[in-house]
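> The amino acid sequence is not available; the structure is as follows:
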């Protein structure tokens, strides 16, 4: 691990995105050998990195070493409803309960709420998480959605063309109708918290089923509960 960039090293070790690591560097929340880190700096073997993450209040103390790069592990999980995408379920089961203990350190890319099902990706690669979740990469997410009643054509046009204003901004996505009333296929390129549900609720609909089938280049093309991919 010679001359590795600081943001890449931290991303590989913690699962944080490089973009987020750079924001911490700019806020002087990362030190290398007890000195404030600089954007773009590179590490050598034996450098000591101290990191404070204000989002989680976690403190990291890392030492760079010359070693073989860590093997990248990716798990594509078909999440059932009733499970939360976090380590602490606060009384609810978590997606980590669905996997062997050996995968307990993997990070989550593309969270789903407790009442939703479908594709969730888990990995030890901060780069993969960044590429799947940062809007600049424009990664498509596809969902099968069922509403409590048939979607009016005017409302479909409003969502797809102008968007619906939510508390956290404008929400737009592409809607294709299914064979049965209320069944929809939705394609979107962002993923704010419960965005699909909140968009339809703003127009007087209730989402009764939400199932993600695709995230970027990953899809649910397998029969088991999860599939392990390794580089």
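Right, received. Where do you want to start? Only a predicted model underlies this, so the values are computations on that prediction, with no experimental measurement involved.
> which residues does residue 85 contact?
Residues counted as contacts of residue 85 (C-beta atoms under 8 Å, 6 or more residues apart in numbering) are 79, 94-95, 108, 111-113, 120. Quick note: C-beta positions are derived from backbone N, CA and C, even for glycine.
> Mind doing that once more with 6 Å?
Counting by C-beta atoms under 6 Å, 6 or more residues apart in numbering, residue 85 touches 95, 108, 111-112.
> can you tell me how far it sits from residue 44?
Distance, residue 85 to residue 44, using C-beta to C-beta, to the nearest Å: 37 Å.
> hang on, isn't residue 147 packed against residue 182?
Yes: judged on C-beta atoms under 6 Å, residue 147 makes contact with residue 182 at a distance of 4.3 Å.
> just curious, which of the contacts of residue 85 is nearest to residue 61?
Taking C-beta to C-beta as the measure, residue 61 sits nearest to residue 108 out of those, at 23.4 Å.
> which ones are touching that closest one?
Applying C-beta under 6 Å, 6+ apart to residue 108 gives the contacts 85, 122.
> mind running it again at 10 Å?
15, 75, 77, 85-87, 94-96, 120-123, 129, 133 (C-beta atoms under 10 Å, 6 or more residues apart in numbering).
> Mind checking which of these are buried?
Neighbour-count burial (16 or more other C-beta atoms under 10 Å) applied to the contacts of residue 108 gives 15, 75, 77, 85, 94-96, 120-123, 129, 133.
> Kindly reformat the contacts of residue 85 as TSV containing distance to residue 169.
Shown next, in TSV, are the contacts of residue 85 (distance: C-beta to C-beta, whole Å):
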residue	distance to residue 169
95	27
108	23
111	18
112	20
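> In a markdown table: those, plus secondary structure and distance to residue 11.
Shown next, in a markdown table, are the contacts of residue 85 (DSSP: H, G, I helix; E, B strand; the rest coil; distance: C-beta to C-beta, whole Å):
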| residue | secondary structure | distance to residue 11 |
| --- | --- | --- |
| 95 | helix | 21 |
| 108 | strand | 15 |
| 111 | coil | 18 |
| 112 | coil | 23 |
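> re the thing from before, the contacts of residue 108 in strands, which ones?
Among those, DSSP state E puts 75, 77, 120-123 in strands.
> wait, which of those residues is closest to residue 22?
Within the ones in strands among the contacts of residue 108, proximity to residue 22 (C-beta to C-beta) peaks at residue 123, which comes in at 19.8 Å.
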